[in-house]
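In: coordinates only, no sequence provided:
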């Protein structure tokens, strides 16, 4: 009686089951998978969310794309990054996930496809399936930095492909889109009449960008329909306010056609609450202190990780150009889920296995760079000690 859009196997995987056993037994562990900044000992100003209580939020005046002042605040934040996007080309959503849902509705019929990078965040499989869209993978490869496999991407384009999705910086690899790659992507999109979607939620957290890193998929004036995705969860460190945004560029007629259709979709849901729209201009100003703390934390932990890994020849830290995560290449002496469960149960450290993110082979661990520095160092020392004699 249930839709095939939802998988039939909803049971926990082996790692999740092991985590639940640890919690039920009362055994504590250091969580190096934490991606929620509100649980990472970041010092949030106690009155940061006071703007949500503004009296202006008592008036409900629904606008499909969101309040004009909030859209202008998003456009101003793009300007801060050196990217020009008119406020009239910005649409607010309740989250980045909803942004994807709106865009797949805008661009795809059931059975169409979008190209998504691997390795990358596994949410795309669910988001596309819920919209009856196919997620077709294309490879990214590591050669000192992460880069798109443009040949693989080009071969993946089919008759029913409607968009190419890039994540810059990538989650979890930290790979940052380069300007020459952007040129190639725009060429593919122009040739095959595709939209280019850039997920840029981690763009405010550079770690070690390589030369030629693109500021945004929206940094150029092109005829191709180019779409940027952002959100308060990462940019402001405020996942609890539930706000995302979509920004569009391209030829005038194409953008206007897209906006008309997107307006109908957004008007059908009207999902963004009024208080966060009213508060957004002030939140962009006042949450900068949170953003600075997160960036400082990420950089500190990344440098600690570099130092610790340098003393373990059997392990390699892959260069992260941005984001909140780091990738460790480890000796492949057992399946990744067994390795992660052993680290959890014996060393009391939780990390992600690489296969969670569709790495092409075993031998990778993913760690968050958000935890408290003391806990991060202690946990990583225990993890790396496992491989120090390999």
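Out: Thanks, I have it. All figures in this text were calculated on a predicted structure; none of them were measured in a lab. Numbering: from 1, shown residues only.
In: what about the strands in the stretch 51-200 of the chain?
Out: 90-93, 113-118, 134-142, 146-148, 161-167, 195-199 (DSSP state E, counting those that start in this stretch).
In: Serialize these to CSV and add fields for mean neighbour count.
Out: (Each C-beta comes from the backbone N, C-alpha and C, glycine too.) Shown next, in CSV, are the strands of the stretch 51-200 of the chain (neighbours: other Cβ atoms under 10 Å):
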stretch, mean neighbour count
strand 90-93, 26
strand 113-118, 24
strand 134-142, 17
strand 146-148, 22
strand 161-167, 23
strand 195-199, 25
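In: okay, now the domains of this protein?
Out: 14-43+289-385, 54-286 (automatic domain parsing).
In: need these in TSV (columns: mean pLDDT and distance to residue 8).
Out: Listed next are those as TSV, based on pLDDT from 0 to 100; distance: least, Cβ to Cβ, whole Å:
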stretch	mean pLDDT	distance to residue 8
domain 14-43+289-385	96	17
domain 54-286	97	12
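In: so which of these comes closest to residue 4?
Out: domain 54-286 (8.6 Å; Cβ to Cβ).
In: distance from the chain centre to that closest one, please.
Out: How far domain 54-286 lies from its chain's middle: 10 Å, per Cα atoms, centre = their mean, to the nearest Å.
In: on that earlier part again, same list (the strands of the stretch 51-200 of the chain) but as CSV, adding distance to residue 30.
Out: Shown next, in CSV, are the strands of the stretch 51-200 of the chain (distance: least, Cβ to Cβ, whole Å):
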stretch, distance to residue 30
strand 90-93, 34
strand 113-118, 28
strand 134-142, 27
strand 146-148, 27
strand 161-167, 27
strand 195-199, 29
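In: which of those sits closest to residue 354?
Out: Counting by Cβ to Cβ, residue 354 lies closest to strand 113-118 out of the strands of the stretch 51-200 of the chain; the figure is 11.0 Å.
In: could you tell me the angle between that closest one and strand 195-199?
Out: On the basis of axes from the mean of the first three to the mean of the last three Cα atoms, to 10 degrees, strand 113-118 is oriented at 30 degrees to strand 195-199.
In: which other helices and strands does strand 113-118 contact?
Out: Applying 3 or more Cβ pairs under 8 Å, 6 or more residues apart in numbering; DSSP states H and E, we find strand 113-118 packed against helix 123-130, strand 134-142, strand 161-167.
In: including distance to residue 382, could those go into CSV?
Out: Shown next, in CSV, are the helices and strands packed on strand 113-118 (distance: least, Cβ to Cβ, whole Å):
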stretch, distance to residue 382
helix 123-130, 29
strand 134-142, 26
strand 161-167, 30
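In: to residue 375, which of these lies closest?
Out: With Cβ to Cβ, the closest approach to residue 375 among the helices and strands packed on strand 113-118 belongs to helix 123-130: 26.3 Å.
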